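K.L.:
here you go, sequence then predicted model.
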Amino acid sequence: MAGRGEAGPGASALGDHALVVGAGIAGLVAARVLADHFTRVTVVDRDRLPSEPAPRAGTPQSRQIHILLARGMDLLERRFPGLRAELLAAGAVTIDFPGDVVWLGPGGWSERFSPGLELVSCSRPLLEWAIRRRLGASPAVRFRQGQEVTGLTADLDTDEVTGVRLRARPGARTGADPTGTLAAELIIDASGRGSRAPAWLLALGYDPPSETVIEPLIGYATRAYARPGGHQADWRLLYVQASPPESGRVGGLLPVEGDRWLVALTGYGGDYPPTDEAGFLEFARNLRSPIIYDVIQHAAPLSPISGFQQADSRWRHYERAGRRPERLIVLGDAACTFNPVYGQGMTMAALAGATLEECLRTHRRDRPEGELAGLARRAHRELARTTRTAWLLATGEDLHHPTTRGARPDLRTRLMHRYLNRLGRVMTSNRTVNAAFLDVANLIRPPAALFHPRVLGPTLRGPAHVLSAPPFTPSGDGTARTTW
């Protein structure tokens, strides 16, 4: 697994043993990175990890739609060469965005410019399984399943975390004592939005991080459908966004492996989509456009309707000054959870891995071998910089909704909202503006790209025209249609 010029088992390394808490995307990518810098890496997870693509108890949201943005796929492919081809061989679907998409944004129907950005669409269980299988082939990486981390061990004289406390989960066949400790020179907490790291730090006498909380009060529900055998259309994805304050409802239809569609409905401000058959369909029918309802009423359901509610987006500021121990790094959803509507979570997990890699490389260059002092502070600072753009994009959009709780937009944010509202109308018919927005939304380019003269000029002039109907394949008389 070690790349050119990188450490691996038996090579010069930062240390002997690193430990990762959590076997989600963030934890798996972090373990892959650590395997190039430590002799041994242990991934601890409270679940028994499935041997095939399947949801698990520790990730209850895994049945929902997950979008891997273009930047995320690129980063994962670099860490796990051949991953894209393996996903496609397992039935994942490529999507040209926006060429393959019928998309109703806040500014109206988008024209279908092609080529755009390529997305690889698959279920989260398939992606996790493919990464986990590749990672498990590394001689440097070991999984400890069915074990829960209950706290940290530390040397308070040197202010260093030294390991974790473990407890076997009921029914876990670990072959180990039900409780114990596991020592490591570096601990990565990638245990997700339920991370107990603030409580662990407090129990050791350290300050928990301050937090920024935005509460869009969203709920979402997802169901899998069989793609009808006679279905023919020149689109692959349907996407209906909210348009606050008039509408806080969102819908998406996404193709995944197994010739299935995943259909997700989302509501803001407590307007949660129902999880019964009639209510789910009625919610879909009452989106800003009924295009998703029109499709799924012809499709056979393959799963129950899975609901999930997430009250807040939460950023735990480990980067801010305070008394913190060395050798503990918190990343992924354990540090910052986003509104899932924008599909940033898995890509941010991949970005966290890339940021961790850069910090490890820099630290090895600047410090003597085996010296880890200052690494955690450096990593939290750089992870915060990586997080900032995605946080501003997601929470800025959330603050458009009058039902959102938390910090209210200041004058600068309100001016940005006005600009983005105008840009949203222009991008529906201007290819340059559309491409710039998608690059920023996919975390490829910084928000400053939206103010490039080629984007700023058309945005200030306003839209050239606006589509009055969804851009399905036109029939002979010029009206929109989908064939079955």
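P.N.:
All right, it came through fine. Note that this is a predicted model, so its numbers are computed, not measured.

K.L.:
pLDDT of the helix ranked longest in the chain, averaged?
P.N.:
Taking DSSP state H as the assignment, the helix of the chain that covers the most residues is helix 375-398. Averaged across helix 375-398, pLDDT comes to 90.

K.L.:
elements contacting that helix?
P.N.:
Counting contacts by 3 or more C-beta pairs under 8 Å, 6 or more residues apart in numbering; DSSP states H and E, helix 375-398 packs against strand 313-317, strand 328-330, helix 345-366, helix 411-426, helix 431-441. C-beta coordinates here come from the backbone N, C-alpha and C atoms, glycine included.

K.L.:
which of those sits most buried?
P.N.:
strand 328-330 (a mean of 27; mean count of other C-beta atoms under 10 Å).

K.L.:
quick one: strands adjacent to it?
P.N.:
Here strand 328-330 has these sheet partners by DSSP bridges: strand 186-189 (parallel).

K.L.:
residue nearest the centroid of this protein?
P.N.:
Gly345 (1.4 Å; C-alpha atoms, centre = their mean).

K.L.:
that residue: what's it in contact with?
P.N.:
25, 66, 333, 337-338 (C-beta atoms under 8 Å, 6 or more residues apart in numbering).

K.L.:
the same query, at a cut-off of 7 Å, please.
P.N.:
333, 338 (C-beta atoms under 7 Å, 6 or more residues apart in numbering).

K.L.:
for Leu204, see how far away it is.
P.N.:
Per C-beta to C-beta, to the nearest Å, Gly345 is found 29 Å from Leu204.

K.L.:
show me what Ser313 is bridged to.
P.N.:
Ile214.

K.L.:
I figured it hits Phe338, correct?
P.N.:
Yes - judged on C-beta atoms under 7 Å, Ser313 makes contact with Phe338 at a distance of 5.4 Å.

K.L.:
find residues that contact each of those two.
P.N.:
Contacts common to Ser313 and Phe338, judged by C-beta under 7 Å, 6+ apart, are Ala394.

K.L.:
least reliable of the helices and strands packed on helix 375-398 by average pLDDT, please.
P.N.:
helix 411-426 (a mean of 86).

K.L.:
tabulate the CA atom coordinates of it in CSV.
P.N.:
Provided in CSV are the C-alpha atoms of helix 411-426 (Å, rounded to 0.1, in the frame of the first residue of the first chain):
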residue,chain,number,x,y,z
LEU,A,411,-24.7,42.0,6.4
ARG,A,412,-21.9,40.4,4.5
THR,A,413,-23.7,37.1,4.4
ARG,A,414,-27.0,38.7,3.3
LEU,A,415,-25.2,40.4,0.4
MET,A,416,-23.6,37.1,-0.5
HIS,A,417,-27.1,35.5,-0.5
ARG,A,418,-28.4,38.2,-2.8
TYR,A,419,-25.5,37.6,-5.2
LEU,A,420,-25.9,33.8,-5.1
ASN,A,421,-29.7,34.1,-5.6
ARG,A,422,-28.9,36.1,-8.8
LEU,A,423,-26.2,33.6,-9.8
GLY,A,424,-28.7,30.8,-9.3
ARG,A,425,-31.0,32.2,-11.9
VAL,A,426,-28.2,32.9,-14.4
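
K.L.:
so it versus helix 375-398, what angle?
P.N.:
Comparing the axes of helix 411-426 and helix 375-398 via axes from the mean of the first three to the mean of the last three C-alpha atoms, to 10 degrees yields an angle of 60 degrees.

K.L.:
going forward, begin numbering at 611 instead of 1
P.N.:
I'll keep to 611 as the first residue from here, and by that count the last item is helix 1021-1036.

K.L.:
if we can go back for a sec, just the CA trace of the longest helix of the chain, in CSV.
P.N.:
C-alpha atoms of helix 985-1008 as CSV (Å, rounded to 0.1, in the frame of the first residue of the first chain):
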residue,chain,number,x,y,z
LEU,A,985,1.1,17.3,15.2
ALA,A,986,-2.4,17.4,16.6
ARG,A,987,-2.5,21.2,16.8
ARG,A,988,-1.2,21.4,13.3
ALA,A,989,-3.7,18.9,12.0
HIS,A,990,-6.7,20.6,13.7
ARG,A,991,-5.7,23.9,12.3
GLU,A,992,-5.4,22.6,8.7
LEU,A,993,-8.6,20.5,9.0
ALA,A,994,-10.4,23.7,10.0
ARG,A,995,-9.2,25.4,6.8
THR,A,996,-10.4,22.5,4.8
THR,A,997,-13.8,22.6,6.5
ARG,A,998,-14.4,26.3,6.2
THR,A,999,-15.5,26.4,2.6
ALA,A,1000,-17.9,23.5,2.8
TRP,A,1001,-19.4,24.9,6.1
LEU,A,1002,-20.0,28.4,4.6
LEU,A,1003,-21.7,26.9,1.5
ALA,A,1004,-24.0,24.6,3.5
THR,A,1005,-24.9,26.8,6.4
GLY,A,1006,-25.2,29.8,4.2
GLU,A,1007,-27.9,28.0,2.2
ASP,A,1008,-29.5,26.8,5.4
